[in-house]
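Asks: The sequence and its predicted three-dimensional model are supplied below.
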Amino acid sequence: MVNRKRVCVIGAGVSGLASARAFRDKGHEVTVLERSQELGGVWAPSRSYPGIRTQSPKDLYRYTGLAMSKDFPEWPSGAQVHAYLTEFAGRFDLLPLIRFGRSVSAMHRRAGGGWDLEVEGQDGTRAREGFDFVVVASGTFTDPNRLHHPGEEAFLDGGGRILHSSEYTDPALVRGRKVVVLGFSKSATDVAVNAVKEGAEEVAIVYLEPVWRVPYRFGGLVNFKHILYCRASECMFPPWGEGRVARMVRALAKPLVWANWRGLETLLTTQFGLKRLGMRPSQPIESTISCGLPIATEGFFELVKKGKIRAVQGTFERYGDGEVVLSGGERIALDLAIQAVGWKLGVPYLDEATREALVAPDGQYRLYRLIVNPDVPDLGFVGFNSSFATVLTSDIAAQWLVRYADGKLESQPDAGEMTRWIEEHMAWRQSVRPAARVYGGLCSAPYHFRHLDELLADIGARERRRNPLAETFRPPDAEAYGRFLESAPAYSAG
């Protein structure tokens with residue numbers, strides 16, 4: 001038995017729901033604060049652009065204990081993901097824990113432990129509430145990143161519109177209009193393709209550099225999860241904390257690994273016709289694979305080839321009268337600009353002292369296991385450890401965090417051990433694996449197996465992989481991870 005805590009979970013998206021279940025199931029009193037009026041986070045209908053669907057196959061984008069509907073396609077739509085999250089919240093009785101329309105404006109450390117939160121309601125109400133432990137589960141897609149350029153006000157005054165991709169929720173916005181999408185993420189190409197399908201008069205996409213994209217099916221046949229979502233592919237990347245023998249093995253295998261990546265680049269170049277389009281990336285694919293590796297929007301390259309999407313390398317310099325002028329001087333007619341330029345990573349309600357303890361000068365977060373910091377007790381992060389299987393990594397992170405908070409990890413780390421791990425991990429991101437520095441260095445992809453192995457070992461999961469050789473070449477299995485959790489030592493709060 002452990003002391004029952006009053007726990008606040010900030011956010012009712014994928015990670016918030018996982019955290020609410022984990023802490024509630026261990027007997028804690030849980031309150032979920034969600035600033036909008038609906039659960040789902042990035043998958044909430046009010047934030048989903050038309051045509052959105054998962055990058056991960058449905059058997060990977062799920063929690064332990066609940067599979068997605070068999071009727072869902074391999075890559076579910078945004079509406080289907082939202083339905084799944086709603087089903088999860090209902091199945092595990094989480095809805096009564098959620099207070100919608102409540103946002104956190106500030107957090108203050110209590111002298112004796114825990115936090116006082118300043119909570120604001122959409123109705124203008126304000127309250128100060130105390131909690132023993134806080135879980136930040138708002139993830140990396142909290143606040144839209146917005147870019148501003150000269151001439152913007154005159155463009156808007158003249159009837160033009162500028163939206164973030166998350167605000168493009170109605171296809172009628174693009175019909176009969178000249179649309180320019182800024183950015184080259186998957187959301188950018190999704191929006192460009194959807195704009196063509198929905199009857200935009202003209203569609204252009206403006207991007208800084210071409211990037212490698214993975215097809216849903218290689219050669220139109222092989223599901224990419226069998227190539228990139230397995231331990232075998234993960235072993236091709238240099239891990240943190242690698243020992244001397246492992247480094248020697250990696251050095252011997254280097255020619256084979258190099259050949260694998262060059263072969264993959266050739267396959268992608270041929271499948272998408274990148275050379276002919278002048279859109280073959282210059283960077284080696286292995287140096288760019290991280291949480292930022294986008295899946296290719298179906299039909300995007302075909303529409304570029306047909307001239308229905310105009311792809312221009314550059315960026316916005318200024319807005320003109322019914323046009324946008326690019327950095328290279330090119331002018332593109334414009335009624336509607338859609339900025340698909342990502343999101344701001346940050347937790348604005350943290351006090352300055354806490355922020356200094358958590359965030360290094362280069363923007364990387366100092367988090368042990370990508371979840372907690374020894375200098376900031378009673379605070380944890382779930383969902384910042386995103387991966388190619390984000391629902392699963394959030395699920396296991398939440399299970400790890402509740403045990404950490406209760407002092408029930410089988411390998412409960414002390415402050416010195418946590419600090420050493422953080423320093424080693426940050427040094428690795430800075431020197432060995434720069435691609436791992438995206439999202440404040442908190443993304444676990446493409447190391448989700450290694451990350452999950454560490455968390456489960458800390459938890460004390462007794463069950464081991466049943467067929468290690470076969471599982472080397474298989475994608476993650478959420479049901480297997482559920483069994484691993486069930487084999488861990490049991491306890492409850494009271």
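Replies: Nice, thanks for sending it over. Residues are numbered from 1 along each chain as shown.
Asks: doesn't Ile10 make contact with Val30?
Replies: No - in this structure Val30 lies outside contact range of Ile10 using CB atoms under 8 Å: 11.7 Å. Every C-beta, even on glycine, is put in place using the N, C-alpha and C of the backbone.
Asks: Now do the buried residues in the helix or strand that Ala195 is a member of.
Replies: Using DSSP states H and E, Ala195 sits within helix 186-197. Of the residues in helix 186-197, 186-197 count as buried by neighbour count, 16 or more other CB atoms under 10 Å.
Asks: who does whichever helix or strand comes after that helix pair up with?
Replies: Counting by DSSP H and E, the next helix or strand C-terminal to helix 186-197 is strand 202-207. Sheet pairing of strand 202-207 (DSSP bridges) gives strand 178-182 (parallel), strand 310-313 (parallel).
Asks: From the chain's centroid, how far away is strand 202-207?
Replies: Taking CA atoms, centre = their mean, to the nearest Å, the mean C-alpha location of strand 202-207 is offset from the chain mean by 25 Å.
Asks: Just the mean pLDDT for it, thanks.
Replies: Averaging pLDDT along strand 202-207 yields 97.
Asks: Other residues contacting that strand?
Replies: The contact list for strand 202-207, computed with CB atoms under 8 Å, 6 or more residues apart in numbering, reads 178-184, 188-189, 192, 195-196, 308-316, 324, 326, 332-333.
Asks: how close does the closest residue to Arg280 other than its chain neighbours get to Val304?
Replies: Computed as CB to CB, 6 or more residues apart in numbering, the closest residue to Arg280 that is not its neighbour in sequence is Leu274, at 4.0 Å. Counting by CB to CB, to the nearest Å, the separation of Leu274 from Val304 is 10 Å.
Asks: hang on, the earlier thing: burial of the residue nearest to Arg280, as a residue count?
Replies: The number of residues packed near Leu274 is 18, by other CB atoms under 10 Å.
Asks: before we move on, what about Glu286?
Replies: Glu286 has 19 neighbours, counted by other CB under 10 Å.
Asks: pretty sure Tyr168 contacts Ala188?
Replies: No - in this structure Tyr168 lies outside contact range of Ala188 using CB under 8 Å: 10.8 Å.
Asks: the strands in the stretch 151-300 of the chain, which residues?
Replies: For the stretch 151-300 of the chain, strands defined by DSSP state E, counting those that start in this stretch occupy the ranges 161-164, 178-182, 202-207, 217-218, 222-223.
Asks: My error: substitute the stretch 351-494 of the chain in the last question.
Replies: Along the stretch 351-494 of the chain, counting by DSSP E, counting those that start in this stretch, strands occupy 379-381.
Asks: In it, where is pLDDT below threshold?
Replies: Counting by pLDDT under 70, the stretch 351-494 of the chain shows low-confidence ranges at 435-441.
Asks: residues in contact with the residue nearest in space to the middle of the chain?
Replies: Among the residues of the chain, the one closest to the centroid is Ser386, at 4.7 Å (CA atoms, centre = their mean). Residues near Ser386 by CB under 8 Å, 6+ apart: 139-140, 291, 393-394, 439, 442-445.
Asks: same check, this time on Leu60
Replies: So Leu60 contacts 225, 229, 388-389, 392, 475-476, 478 (CB under 8 Å, 6+ apart).
Asks: Out of those residues, which is nearest to Lys26?
Replies: Leu392 (19.4 Å; CB to CB).
Asks: Could you tell me how many residues sit around the closest one?
Replies: Look at Leu392: counted by other CB under 10 Å, it has 24 neighbours.
Asks: what bridges to Arg99?
Replies: Assigned bridge partners for Arg99, using DSSP bridges, are Leu33.
Asks: So for Arg355, what's the nearest residue that isn't a sequence neighbour?
Replies: Per CB to CB, 6+ apart, closest to Arg355 is Val347, 7.7 Å.
Asks: Against Met248, how distant is Ala127?
Replies: Distance of Ala127 to Met248, computed by CB to CB: 59 Å.
Asks: Actually, Ile10.
Replies: Counting by CB to CB, the gap from Ile10 to Met248 is 45 Å.
Asks: Gly121 now?
Replies: From Gly121 to Met248 the distance is 59 Å (CB to CB).
Asks: which of those two has more neighbours?
Replies: More neighbours surround Gly121 than the other of Gly121 and Met248, with 14 against 10 (other CB under 10 Å).
Asks: pretty sure the more buried one is in contact with Phe100, am I right?
Replies: No - Gly121 is not in contact with Phe100 according to CB under 8 Å; the separation is 9.6 Å.
Asks: returning to what we had before: would you format the strands paired with strand 202-207 as a markdown table with mean neighbour count included?
Replies: Listed next are those as a markdown table, based on neighbours: other CB atoms under 10 Å:
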| stretch | mean neighbour count |
| --- | --- |
| strand 178-182 | 26 |
| strand 310-313 | 17 |
